[in-house]
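S.K.: fold the following and give me the result.
(2 chains)
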Amino acid sequence: MMEDQGLRILVVDDTRSNRVVLQAMLSKMGHQSILAESGEEALALFRESQPDLALVDVMMPGMDGYQTVQAMRRLADTWVPVIFVSAMGQNEDIVRGIQAGADDYLTKPVNYGILQAKIDALHERIKMSRQLAKQNRLLLDYHDKTREEGAIALDFMRRLAALDKINDPLVNFHLQPAEDFSGDLIAVARTPAGQLHVLLADSTGHGLTAALAVMPVLQPFHTMSSKGFSLAAIAAEINRKVKEYLPQNRFVAASILALDIEDRMIGVWNGGCPPVVVLDQQGEIAWQFKSSHVPMGIFRPDDFDDKIEWYYYGDTPCQVLMSSDGAVDCADHRSLEAGMGLMLDSMKSGASAGRLGQLVNMLQTKLGDGSALDDIALILVDCPLDEFDSRDQQSSRQIPQQGQMVAALTDSSWQFSLKLTAAQLKRLDAVPLLLNLINQIEPDNSDVAGKLFLIMSELFNNALDHGVLKLDSSLKHDPEGMERYFDERAARLKQLEVGEIEIGLARAEYAGRPCIRVRVKDSGQGFDVSVLHLDIEVSTRRHGRGVALVRSLVSELHFNSNGTEVEASLVL
Amino acid sequence: METNVKIASNIATIEVRGRFDFSTHRNFREMYEHILQNPQIASIDVNLAGVDYMDSSALGMLLMLRERAQAAKKEVVLCKPNSTVAQILDIANFPKLFTIRN
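M.R.: Here you go, the predicted model:
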């Protein structure tokens, strides 16, 4: 409907003269009429032409006015005003008409002025109603779009946070966001030495922005833990990342815990989180790590305090509770002490295995039917006397991660060796072949391919050039030496009749870390290992660098059997 | 391995791709011999971006090139090594001998 075009009005009356009169009046007012001579016809036209307004006679054969209007009301999904037009002008007639769903009532004979006034009044309301319907549609579209985007973001954040991947048997947790997105983040990692690292981060606010803000802490936590960095170094790096990525007014409160079961030590860095509490077997407080730092992202790296507080738990197994602000606030919003007190009380009765459940139940009771005001995060870490302890106590749980790591190592270890004799040495480009094979076996470690190539290439070529072909490196000294050396090499290789090289490759362990071990053995005479150049000086000498290069890349390099065999381990 | 030379004004760029080891030797040498004889060229860039693997014989070849280039009063620049190649160059103290540009 264009604003200045007048209304499309459905006129329903069984008397032709009445219809004609109304049509003439409406036309004079600038409106368009749609005429129906019965209730049944009116409904058909109503559906078909979707009028802006209806004028309905009350007394009609077949469906009367009341029935017609009630049917129309059921049909329309938007508000279409109806005016009854009737010869019956008694008060009760008017009341009944309004009750049947009419918006107004006119008595016959229709007065032009009154009709115009009523239509004009309704016209304003029609315009408003249309505007409202339009805005509603926009709002619905917007709502759908936001919901869809939210769902995608939520899925994305959940994948990033990977809560479902946290399955360390020592760690129990509960995370309950105030909105779909949680500004609280929990992460668990193990160092190569088996130390447990646990992180609870709580960014300012909640919802999507808070969830986004907490993300920069994840990557340094996982990456550095897996490389065996100390808690202090990890805390400093997280602070640097948060400072670098987040706007000035955003920061992240965090507590990070390290558990060293072998030494029975618990280390904590707490910046802005409620106290991290050590509970003894009776559920009493054995120690508290209060917040002694400012949250992440406030200090510049130079001013950051990476001091870790340590607690020794000796011969008594214990549990450590880490919680977010939102959890303590939910227990008792009046003060941190009161909230913590209530939380710890709720955990006292019963065995240590059920403590987190009791705490969560208490908080749910506090919340009642309402949802949390802030994100709630709780972590309970078991600190046993040794890893086996926890496995026995919780036999129904998954195998400890350290056990898994050992199992995984055994599962993923492999080895093979290849002995090449003269015929293959002449023909095969062995190193790329083997490297390709390793890349297929270890697709996740393709980043070491460059180093592995160098190691295998140096060791293999040494075995071939000096062990089997008996070439002298000093050939390379003079200016054209390199050329001559390679020519000589090609010539001797062509004539080679006897000689072999064995290359052994294995995935093994070096100092508890997975490594690839390369072993090369040749059929030559060996050499005096003590003359090797193992140090690299700034030198423009064109040879003698190979072994030194290998030595600086690997964790372990040694020559056996008078130099005919060499073994190198590259840590993954 | 593949090599390829481009000359733009007074800079020649040798692009090495794939495996850079003794098998490359002849090819690499032929590349730079031409350039060394060209008086217009002041600098030789060795683009290592495409090098996946490298061993000490490649280092030897680069040193050879450097020696020959010095005699011909030309500079050698090593460009865009990937992280492993850069690490190998570092260990060999090459940054003290060459200009390395990322």
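S.K.: count of neighbours near residue 69?
M.R.: In the absence of a named chain, chain A is used. Using other CB atoms under 10 Å in any protein chain shown, the number of residues around A:Val69 comes to 24. C-betas here are computed from N, CA, C, even on glycine.
S.K.: wait, chain B
M.R.: When neighbours are counted by other CB under 10 Å, B:Ala69 registers 18.
S.K.: now the phi/psi pair for it, please.
M.R.: Per-residue torsions, B:Ala69: phi -70, psi -40 (degrees, to the nearest 10).
S.K.: mind checking which helix or strand the residue nearest to it when sequence neighbours are not counted is in?
M.R.: Spatial nearest neighbour of B:Ala69, excluding adjacent residues (CB to CB, 6 or more residues apart in numbering or on different chains): B:Val76 at 4.9 Å. With elements taken from DSSP states H and E, the one containing B:Val76 is strand B:75-79.
S.K.: for that strand, which strands pair with it and how are they oriented?
M.R.: strand B:43-54 (parallel), strand B:99-101 (parallel) (DSSP bridges).
S.K.: what comes into contact with the last one?
M.R.: Contact partners of strand B:99-101, identified using CB atoms under 8 Å, 6 or more residues apart in numbering or on different chains, comprise B:45, B:75-81, B:86, B:89, B:94.
S.K.: can we see that at 7 Å?
M.R.: With contact meaning CB atoms under 7 Å, 6 or more residues apart in numbering or on different chains, strand B:99-101 is reached by B:77-79, B:89, B:94.
S.K.: ok, back up a step: got the contact list for the residue nearest to B:Ala69?
M.R.: B:44, B:46, B:65-66, B:69, B:98 are the contacts of B:Val76 under CB under 7 Å, 6+ apart.
S.K.: what do you get if the cut-off is 6 Å, keeping everything else the same?
M.R.: Contacts here follow CB atoms under 6 Å, 6 or more residues apart in numbering or on different chains; on that basis B:Val76 touches B:44, B:65-66, B:69.
S.K.: closest to A:Leu378 out of those?
M.R.: B:Arg66 (62.9 Å; CB to CB).
S.K.: tally up the residues packed near the closest one, please.
M.R.: Neighbour tally, B:Arg66, other CB under 10 Å: 21.
S.K.: which SS state does it fall under?
M.R.: helix (DSSP: H, G, I helix; E, B strand; the rest coil).
S.K.: separation between the residue nearest to B:Ala69 and A:Glu480?
M.R.: 19 Å (CB to CB, to the nearest Å).
S.K.: likewise A:Asn439?
M.R.: 37 Å.
S.K.: more neighbours, the two?
M.R.: A:Asn439 (14 against 10).
S.K.: I'd guess that one is in a strand, am I close?
M.R.: No: per three-state DSSP, A:Asn439 lies outside any strand segment and is helix.
S.K.: and it, what does it touch?
M.R.: Each residue near A:Asn439 by CB under 6 Å, 6+ apart is listed here: A:446, A:449.
S.K.: still on that earlier bit, quick check: the farthest pair among the contacts of B:Val76?
M.R.: B:Ile44 and B:Arg66, at 9.2 Å, using CB to CB across those.
S.K.: quick one: mean pLDDT for the strand holding B:Val76?
M.R.: Regarding strand B:75-79, the rounded mean pLDDT is 94.
S.K.: again with stretch A:281-291
M.R.: 91.
S.K.: what's next to that stretch, contact-wise?
M.R.: Residues outside stretch A:281-291 that contact it (CB under 6 Å, 6+ apart): A:268, A:270, A:272-273, A:275-278, A:280, A:309, A:311, A:318, A:347-348.
S.K.: assign the residue in chain A positioned nearest to chain B to helix, strand or coil.
M.R.: Across chain A, the shortest distance to chain B (CB to the nearest CB) belongs to A:Gly450, at 3.0 Å. Assigned with three-state DSSP, A:Gly450 falls in the helix class.
S.K.: my read is that A:Leu496 contacts A:Thr421, right?
M.R.: No: using CB atoms under 6 Å, A:Leu496 is not in contact with A:Thr421, being 9.5 Å away.
S.K.: for the spatially most central residue of chain A, grab phi and psi.
M.R.: The centroid of chain A falls nearest to A:Leu160 when counting by CA atoms, centre = their mean (2.0 Å). Main-chain torsions, A:Leu160, degrees, to the nearest 10: phi -60, psi -50.
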